[in-house]
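[1] My questions are about this predicted structure, shown below with the sequence.
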Amino acid sequence: MTGKRLAVKTRMIPFHSLLPEIAQREVRCVHLQAVPGVTPISSLSAGEYAFVEFYCDDLECDCRRVFLQVIARHRQDKILASINYGWDDESFYRERMPHDPDAPRQIVQGSLDPINTQSEHSDEFLELFQQHVLDESYRLRLQRHYQLFREELRRRLSPSAPEDSPSADAGPTRSSVPAGTNDRIPSAHRQRFNEAAAMLDNLVRSTWMLNSRGSQSNSGNESAAARRLVACSANRRCGLRPSRTSSRA
């Protein structure tokens with residue numbers, strides 16, 4: 001009997017496909033605005049940009065990372081950057097990626113994903129993420145979202161789950177902005193919040209429609225953004241799960 005490594009394929013799936021209300025309420029958006037009389041040093045257009053979260057769908061894989069895709073409110077059919085980020089210590093990722101000495105440092109700093117969609121602006125969005133988006137509160141938020149995602153996925157996959165509980169294929173059941181949310185948001189930021197929530201709400205509903213139609217998803221009624229964000233999820237492999245050893249010959 002000799003040890004043989006088993007290839008384990010895991011996907012990164014949208015956080016908003018399992019927990020739409022939290023995603024819509026807590027999505028991180030960046031608003032870029034032109035300043036009159038100031039020559040911009042960036043090639044990025046003014047507008048609202050959302051960092052959409054994906055997490056690993058394998059409950060046995062505690063990879064502690066997020067896969068982010070950047071989309072613009074004014075151009076939701078195009079992925080502008082695909083970013084990997086892990087919030088744990090480098091030593092944690094070094095144990096899982098022993099053959100790539102640079103990977104642990106890159107993942108804790110944030111890095112462009114080498115196999116997923118990028119654009120001519122990807123480097124600028126990575127810099128924006130590293131210098132302005134990634135603060136301590138956002139790091140803790142991603143860590144909390146990771147735990148919530150795993151708990152919800154475990155609940156939906158549990159054989160003891162109530163029959164009337166939403167399945168993994170269930171669509172969103174409530175509006176994107178929970179009751180009373182606007183009352184807690186300063187009026188100066190309320191419009192931007194509603195715009196960001198509406199953008200992610202569109203992705204939530206389009207994602208659910210696309211997933212529920214399965215092989216019939218080419219009817220042309222889904223948004224291009226959902227098609228790009230969901231249909232290519234097979235490319236979003238986790239890659240951090242340690243290979244398991246089997247005792248099979």
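    Structure received.
[2] any idea how far residue 26 is from residue 84?
    20 Å (Cβ to Cβ, to the nearest Å). For glycine as for every other residue, the C-beta is placed from the backbone atoms N, C-alpha and C.
[3] Which one's more surrounded, these two?
    residue 84 (21 against 16; other Cβ atoms under 10 Å).
[4] got a list of what the more buried one touches?
    65, 66, 67, 68, 106, 107, 110, 111, 112, 113 (Cβ atoms under 8 Å, 6 or more residues apart in numbering).
[5] What residues are bridge-paired with it?
    residue 67, residue 111 (DSSP bridges).
[6] The longest strand seen in the chain pairs with which strands, and in what direction?
    Longest strand in the chain, counting residues (DSSP state E): strand 47-56. Using DSSP bridges, strand 47-56 pairs in its sheet with strand 12-14 (antiparallel), strand 28-32 (antiparallel), strand 65-72 (antiparallel).
[7] still on that earlier bit, quick one, which of the contacts of residue 84 are buried?
    65, 66, 67, 68, 106, 107, 110, 111, 112, 113 (16 or more other Cβ atoms under 10 Å).
[8] For the fifth one, give its distance to residue 42.
    Here the distance between residue 106 and residue 42 works out to 23 Å (Cβ to Cβ).
[9] Where does pLDDT dip in the chain?
    By pLDDT under 70, the weakly predicted segments of the chain are 1-10, 38-41, 161-249.
[10] So residue 156 sits against residue 13, correct?
    No: between residue 156 and residue 13 there is no contact under Cβ atoms under 8 Å: 11.9 Å.
[11] The two - which one has more neighbours?
    residue 13 (21 against 15).
[12] shouldn't that one be in contact with residue 58?
    No: checked against Cβ under 8 Å, the pair residue 13 and residue 58 is beyond contact range at 10.3 Å.
[13] Spatially nearest residue to residue 50 (excluding sequence neighbours)?
    Leaving aside its chain neighbours, residue 50 sits nearest to residue 29 (4.9 Å; criterion: Cβ to Cβ, 6 or more residues apart in numbering).
[14] Is there a neighbour count for the one you found? I'd like the number.
    17.
[15] cool, and the one 4 residues further on?
    Other residues within reach of residue 33 by the criterion other Cβ under 10 Å amount to 7.
[16] Next, count neighbours for residue 76.
    Residues lying near residue 76 (other Cβ under 10 Å) number 19.
[17] hmm, I was thinking of residue 99
    Neighbours of residue 99 using other Cβ under 10 Å come to 5.
[18] follow-up on the earlier one: need the buried ones among the contacts of residue 84 in a markdown table with distance to residue 46, can you?
    Converted to a markdown table, these look like this (distance: Cβ to Cβ, whole Å):
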| residue | distance to residue 46 |
| --- | --- |
| 65 | 31 |
| 66 | 26 |
| 67 | 26 |
| 68 | 21 |
| 106 | 30 |
| 107 | 30 |
| 110 | 23 |
| 111 | 26 |
| 112 | 23 |
| 113 | 26 |
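[19] tell me which of the residues you listed is nearest to residue 88?
    For the buried ones among the contacts of residue 84, the closest approach to residue 88 (Cβ to Cβ) belongs to residue 65, at 8.1 Å.
[20] and that closest one, what is it in contact with?
    By Cβ under 8 Å, 6+ apart, the neighbours of residue 65 are 56, 84, 85, 86, 87, 93, 107, 240.
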